[in-house]
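K.L.:
Output the structure for:
(one chain, ligands or ions: 1)
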Amino acid sequence: MKVSFKGCLWRYALWALLLALAIGFAPAQAQNTGPAAAASNAASAASAFRIQAVDDAWRAALPLDAHAATQAYLDRLPADVVARSNAYYEGGYWLQLWNWLAGLAVALLLLATRPSTALRDWATRQLKWAPLRDGFYGAAYAAAGWLLTLPLTVYQGFVREHNYGMATQTFAAWFGEQLVGLAVSLLMGAVLVAVLYAVLRRAGAQWWLWGTGVMVAFMALAVAIAPIWIEPLFNTYKPVPDGPVKTAVLAMARANGVPVDNVYVFDASRQTTRVSANVSGLFGTAAIRLNDNLLNRSSEPEILAVMAHEIGHYAMNHIPKSLVMFGAVILFGFLFAQWAMRWLLARYGARWRLDAKTGVADVASLPLLVAVFSTYLLLATPVLNTITRTQEVEADLYGLNLAREPHGEAEVLLKLVEYRKPDPGALEELIFFTHPGTRTRIYNAMRWREQMR
Ligand SMILES: [Zn+2]
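P.N.:
Residues are numbered from 1 along each chain as shown. Next comes the predicted model:
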């Protein structure tokens, strides 16, 4: 999810996958490509994001005291910029609720009306091999979910990003990417549902355990193939031109055991004005990349601070660790689903034309599993965010120790206020933030400066 510096695309990949199951396999790419709008509008609106410019003398003259230095950095954000950032980010809280409700509505619609079981019965007659039938059902569910939630997707991914001036795409270009994302979702949805139900049918009462195994294996597979087969569908990756920045990033990476032959930049400016970088992939495909907005809008110390943070994610094995921890969250979710579905099927199974005895092994009960599991995920949001946020603190500290650029770190953090509320309350941060608030992160950088001078 996001550098980290909001970049960490792999987090997006995990989230997209979890959300995909939750909201009926919405396009896996929705979180990444969000933005869109006419370029001219974006340019004028983007100019609304202003940070008071300073020079090296200003930074050198900052008080050593970490609290005072942090406040001086935050004071460079004009009040209207902070208000706009708060509105954008807080709107995201409501979108999480609307997305859950939309997914729930799609699932309940499929349960309460004929198409779901009719599709299962038709597929059973036409496609004799059970995994083929289940895969077909999974793809059909993904397509129905995509179509029914399209208005929300357009608002969230296009209109809203356009309104906040972060989008750089025309509607046609944006929608084209949504269709590519849909194709990916249909394929991945079909494979996931086919494999999941093949296992659920054989696992009996222990389905929650084996189902978790399938989900974790699938997440690992998705993360591993994303850099080679999925992300290139949306962006072009090129080596960073030779120069001092590239030399310094390669040196930091190699010194910390990251096996890199080159540093890559991707053309995120096609979609957005956001500054970001990410570490994605797994095993042999793991790689660290920065987006062209970061490269073009940032100074060398800023770029090095971000890349050192990403190297920290890699060096501390955050992706494999996340898979294990998210796996535990899924395990409890499936245990909850086992209890909830047993109760719901006993009570409403006949109305939904589902057999309580077959239970979760019937692919036509997938909408019910999605409804129950997505509700669980919504409630587990603070846990998932805390897992991520804890790793972000680790990567920030690792990055400071590696790049030794506390001012570069603080300057980039100010830029991220374009899309992340800078100064959340403690409870708000606990529930909604995948990264610590800007104040906390700048304070960590200024504390490093204060202590390590
Ligand atoms: Zn990060």
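K.L.:
dump the residue contacts of the residue of the stretch 51-200 of the chain found nearest the ion.
P.N.:
Residue nearest to the ion within the stretch 51-200 of the chain: Y89 (17.2 Å; C-beta to the ion). Where C-beta positions appear, they are placed from N, C-alpha and C, glycine not excepted. Neighbour list for Y89: 419-421 [criterion: C-beta atoms under 8 Å, 6 or more residues apart in numbering].
K.L.:
Could you give me the PyMOL syntax to select whichever of the residues you listed are buried?
P.N.:
Once 16 or more other C-beta atoms under 10 Å is used to decide burial, the buried members of these can be selected in PyMOL as follows:
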select buried, resi 419+420+421
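K.L.:
Turn the contacts of Y89 into TSV, including secondary structure and pLDDT.
P.N.:
Written out in TSV, the entries for the contacts of Y89 read as follows (DSSP: H, G, I helix; E, B strand; the rest coil; pLDDT from 0 to 100):
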residue	secondary structure	pLDDT
Y419	coil	86
R420	coil	89
K421	coil	91
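K.L.:
Same list (the contacts of Y89) but as CSV, adding distance to the ion.
P.N.:
Converted to CSV, those look like this (distance: C-beta to the ion, whole Å):
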residue, distance to the ion
Y419, 15
R420, 12
K421, 17
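K.L.:
Please enumerate the helices of the stretch 201-350 of the chain.
P.N.:
For the stretch 201-350 of the chain, the helices identified by DSSP state H, counting those that start in this stretch occupy 207-225, 244-255, 292-297, 300-315, 318-348, in order along the chain.
K.L.:
Backbone torsions only: list them for N256.
P.N.:
Here is the backbone geometry of N256 (degrees, to the nearest 10): phi -110, psi 20.
K.L.:
coming back round to it: report the secondary structure state of the residue of the stretch 51-200 of the chain closest to the ion.
P.N.:
When classified by DSSP: H, G, I helix; E, B strand; the rest coil, Y89 comes out as helix.
K.L.:
let's number from 324 now, not from 1
P.N.:
Got it, first residue is 324 now, which makes that one Y412.
K.L.:
per-residue confidence for it?
P.N.:
Note for Y412: predicted pLDDT of 90.
K.L.:
Tell me who's in contact with L667.
P.N.:
Neighbouring residues of L667 by C-beta under 8 Å, 6+ apart: 691, 695.
K.L.:
I'd say L654 and W533 touch.
P.N.:
No. Counting by C-beta atoms under 8 Å, W533 is not a contact partner of L654; they are 10.7 Å apart.
K.L.:
returning to what we had before: tell me the most buried of the helices of the stretch 524-673 of the chain?
P.N.:
Neighbour counts (mean count of other C-beta atoms under 10 Å) averaged over each of the helices of the stretch 524-673 of the chain peak at helix 623-638, with a mean of 26.
K.L.:
the inter-axis angle of that helix versus helix 641-671?
P.N.:
For helix 623-638 against helix 641-671, the angle by axes from the mean of the first three to the mean of the last three C-alpha atoms, to 10 degrees is 60 degrees.
K.L.:
Give the other helices and strands that helix 623-638 contacts.
P.N.:
Using 3 or more C-beta pairs under 8 Å, 6 or more residues apart in numbering; DSSP states H and E, the elements in contact with helix 623-638 are helix 567-578, strand 600-603, strand 610-614, helix 615-620, helix 704-726, helix 729-739.
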